[in-house]
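> Provided below are the primary sequence and the corresponding predicted coordinates.
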Amino acid sequence: MTELLVEKSKVVTFVYTIFDENGSVQEQSDIPMSYIHGIDGKMFEKVEAEMEGKKIGDVIEVTLEPADAFGERDPSLTYTDSLENVPPEFQQLGAEAMFENDLGEQVAMVVTEIKDGQITLDGNHPYAGRQMTFKITIQDIREATTDEMGKGEVADSQDPPVIH
């Protein structure tokens, strides 16, 4: 039997760890995630390219600059207001609030600073503006089903939460 390799239209299952520029673990998942290689667009392009041709058990490590991953920080996505104008449930570091932008899209903002009676909320991705390294272990490779190919996504699988 021929060993399957990561290639277009294969369902790839993996676990991952994301490190920041200092080598500190920022995120880790030991729960297997799956995607359809080259089809569903759920992986960062350079990560997917590194996975091409690999086999079960292979470990890849790829470092991405902000432009290739979570983007640069956008100062227009931060907002500072008087603490008294914000409901009490959001008056703590790390609190997340949903807002609607001018286009009617939902935007999650996180409280990043409370100082001198002012509160700052940030709508940037937490990893925006940062170089991040992805370490991925391939756990399984299989043919995508006709149904999965038609829908463009893996059936009964968790989507990769931050790889895209």
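Nice, thanks for sending it over.

> CA only for contacts and neighbour counts going forward, please
Fine.

> given the helix or strand of the chain with the lowest mean pLDDT, what are its sheet partners and their directions?
Within the chain, no helix or strand scores below strand 96-100, which has a mean of 85 by mean pLDDT, DSSP states H and E. Listed by DSSP bridges, the sheet partners of strand 96-100 and their directions read strand 106-115 (antiparallel).

> distance from the partner strand to the middle of the chain?
Distance of strand 106-115 from the chain centroid (Cα atoms, centre = their mean, to the nearest Å) equals 19 Å.

> what does stretch 42-55 give?
The answer for stretch 42-55 is 14 Å, by Cα atoms, centre = their mean.

> now the helices for this protein?
Per DSSP state H, the chain carries helices over the ranges 45-51, 146-151.

> verify the stated contact: residue 63 with residue 130.
No - judged on Cα atoms under 8 Å, residue 63 makes no contact with residue 130 at a distance of 10.5 Å.

> deepest-packed of the helices of the chain, please.
helix 45-51 (a mean of 17; mean count of other Cα atoms under 10 Å).

> mind exporting the C-alpha coordinates of it to PDB?
What follows is helix 45-51 as a C-alpha-only set of coordinates in PDB (Å, rounded to 0.1, in the frame of the first residue of the first chain):
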ATOM      1  CA  GLU A  45      -0.600  29.900   2.500                       C
ATOM      2  CA  LYS A  46       3.000  29.400   3.700                       C
ATOM      3  CA  VAL A  47       2.000  26.900   6.300                       C
ATOM      4  CA  GLU A  48       0.100  24.900   3.800                       C
ATOM      5  CA  ALA A  49       3.000  25.100   1.400                       C
ATOM      6  CA  GLU A  50       5.300  23.700   4.100                       C
ATOM      7  CA  MET A  51       2.900  20.800   4.600                       C
END
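
> mind checking how far residue 126 is from residue 66?
11 Å (Cα to Cα, to the nearest Å).

> who has more neighbours, the two?
Ranked by neighbour count (other Cα atoms under 10 Å), residue 126 and residue 66 place residue 66 first, with 16 against 12.

> got the confidence number for the more buried one?
For residue 66, the pLDDT comes out at 95.

> please apply the same query to residue 32.
The model's pLDDT for residue 32 equals 95.

> check contacts around it.
13, 14, 15, 139, 158 (Cα atoms under 8 Å, 6 or more residues apart in numbering).

> let me see the domain layout of this structure.
Domain assignment for the chain, taken from automatic domain parsing, gives 10-70+128-146, 75-122.

> with distance to residue 3 added, can I get the ones you listed in CSV?
Formatted as CSV, the domains of the chain follow (distance: least, Cα to Cα, whole Å):
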stretch, distance to residue 3
domain 10-70+128-146, 7
domain 75-122, 43
